[in-house]
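Peer 1: output the structure for:
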Amino acid sequence: MDYCKGRVAKLLVDYFGNDFRRITHALEVLKYAEEIMEDTESCDHDVLVASALLHDIGIKRSEEALGYNNGKTQEEFGPPVAEELLKSIDFPSEKIAKVCEIIGNHHSPSRYDYVELRILKEADRIVNKLESDRQ
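Peer 2: Presented below is the predicted three-dimensional model:
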C-alpha cells in the first residue's frame, strides 16, 4: 500500500513541479480520503490513493490548452494524463481504468457507483471548504 502511495505521490510532485498549492491540495485530499476509508468496507486502497492524488491532474493540461480550467475540463483532460503517468510505474491496468473513470467523474453527478469515487468527492469537498475558509 505505502509503496503505491509513494510512487504515485512522486508522479504528482514531478508532474506539478513547483505548483505547491496543487500538490498540497492533493495530499490533503488523500489524508481525508484515507480517514473516510477507515470506516468503509470493500474499498481498493490503491485505487483510492491514485484517484485522490491525481484527481486534479488535468488542470495543468487544461490551462496549457485552453488558458483556464474548471471541473469539466479537469474531467476531460485528467484521465489521459493519469493513464499515462500510472502506466509509467506499471500500475495494474484494470485499476488504471477505474482511476480514470473516477477522475473523469469527480465533479459530475456520479455515473459510477464506486465507493472510491464517493470517498474522493467527500474528501475533496472537505478540503475545498477548508481552503475557502482560510482565504
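Peer 1: could you use CA atoms for every contact and neighbour count after this?
Peer 2: Fine.
Peer 1: so what's residue 98 up against?
Peer 2: Remark: with contacts taken as Cα atoms under 8 Å, 6 or more residues apart in numbering, residue 98 is in contact with residue 47.
Peer 1: give me phi/psi at it?
Peer 2: Per-residue torsions, residue 98: phi -70, psi -40 (degrees, to the nearest 10).
Peer 1: just the pLDDT at it, thanks.
Peer 2: Residue 98 is assigned a predicted lDDT (pLDDT) of 96.
Peer 1: state the distance from it to residue 92.
Peer 2: Per Cα to Cα, to the nearest Å, residue 98 is found 10 Å from residue 92.
Peer 1: equivalent analysis for residue 29, please.
Peer 2: Relative to residue 92, residue 29 is positioned 22 Å away (Cα to Cα).
Peer 1: then residue 100?
Peer 2: Counting by Cα to Cα - residue 100 and residue 92 are separated by 12 Å.
Peer 1: look at those two and report which has more neighbours.
Peer 2: residue 100 (23 against 12; other Cα atoms under 10 Å).
Peer 1: which of the helices or strands spans the more buried one?
Peer 2: Here residue 100 sits within helix 93-103, counting by DSSP states H and E.
Peer 1: distance from that helix to the middle of the chain?
Peer 2: Using Cα atoms, centre = their mean, to the nearest Å, the distance from the centre of helix 93-103 to the centre of the chain it belongs to is 11 Å.
Peer 1: report the inter-axis angle for the helix or strand just after that helix versus helix 93-103.
Peer 2: Tracing the chain past helix 93-103, the next element assigned as helix or strand by DSSP H and E is helix 115-134. Angle between the axes of helix 115-134 and helix 93-103 is 40 degrees (criterion: axes from the mean of the first three to the mean of the last three Cα atoms, to 10 degrees).
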